[in-house]
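# Sequence and predicted structure below; questions after.
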Amino acid sequence: MENLNYEDFTDAYAKGEESWISKEQFYEVKGLLTSGVGHETYELLKFDNGEMILVEFSTMPEDGEFKVQGIKIIPDEMKEFFK
């Protein structure tokens, strides 16, 4: 993101999804970037009963497979954030 402009950034998204972040939001997020950044890999699981869990995977796959590093149950007050 730090080396991209807004147009290059939106080109990386599937057709129809390009407008999820406005140009102003893009540059606001870009302004938050620092040289020390971490990368985490998560998967959100949504169940039919409305429950959600966030699964954290190891950032370096072992033998080509990612390993689960942690699981968090999403509290009710945070579920709206993921919709």
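Done, it's in.

# can we go C-alpha only for contacts and neighbour counts from here?
Fine.

# got the buried residues for the helix of greatest length in the chain?
In the chain, with assignment by DSSP state H, the single longest helix is helix 23-30. Buried residues in helix 23-30, defined by neighbour count with 16 or more other C-alpha atoms under 10 Å: 26, 30.

# The helix or strand following it: partners in the sheet, and parallel or antiparallel?
Toward the C-terminus, helix 23-30 is succeeded by strand 41-46 as the next helix or strand (DSSP states H and E). Counting by DSSP bridges, the strands paired with strand 41-46 are strand 52-57 (antiparallel).

# Going by neighbour count, which residues of the strand it pairs with are buried?
Using 16+ other C-alpha under 10 Å as the test for burial, strand 52-57 gives 52-53, 55-57.

# Can you lay out those residues as TSV showing distance to Y6 and pLDDT?
Supplementary listing: those in TSV, determined by distance: C-alpha to C-alpha, whole Å; pLDDT from 0 to 100:
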residue	distance to Y6	pLDDT
M52	32	97
I53	32	97
V55	30	95
E56	29	92
F57	29	88
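
# What is the most widely separated pair among the residues you listed?
Farthest pair in the buried residues of strand 52-57 (C-alpha to C-alpha) is M52 and F57. Separation: 16.2 Å.

# now the farthest one out in this protein, which residue is it?
For the chain, the largest distance from the centre (C-alpha atoms, centre = their mean) belongs to D63, which lies 24.0 Å off.

# Not counting its neighbours along the chain, what's nearest K46?
Excluding the flanking residues, the one nearest K46 by C-alpha to C-alpha, 6 or more residues apart in numbering is M52, at 4.6 Å.

# got the contact list for that neighbour?
44-46, 73-74, 79 (C-alpha atoms under 8 Å, 6 or more residues apart in numbering).

# PyMOL command for the buried members of those residues?
Buried residues among the contacts of M52 (16+ other C-alpha under 10 Å), as a PyMOL selection:
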select buried, resi 74
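
# For stretch 64-82, measure first residue to last.
29 Å (C-alpha to C-alpha, to the nearest Å).
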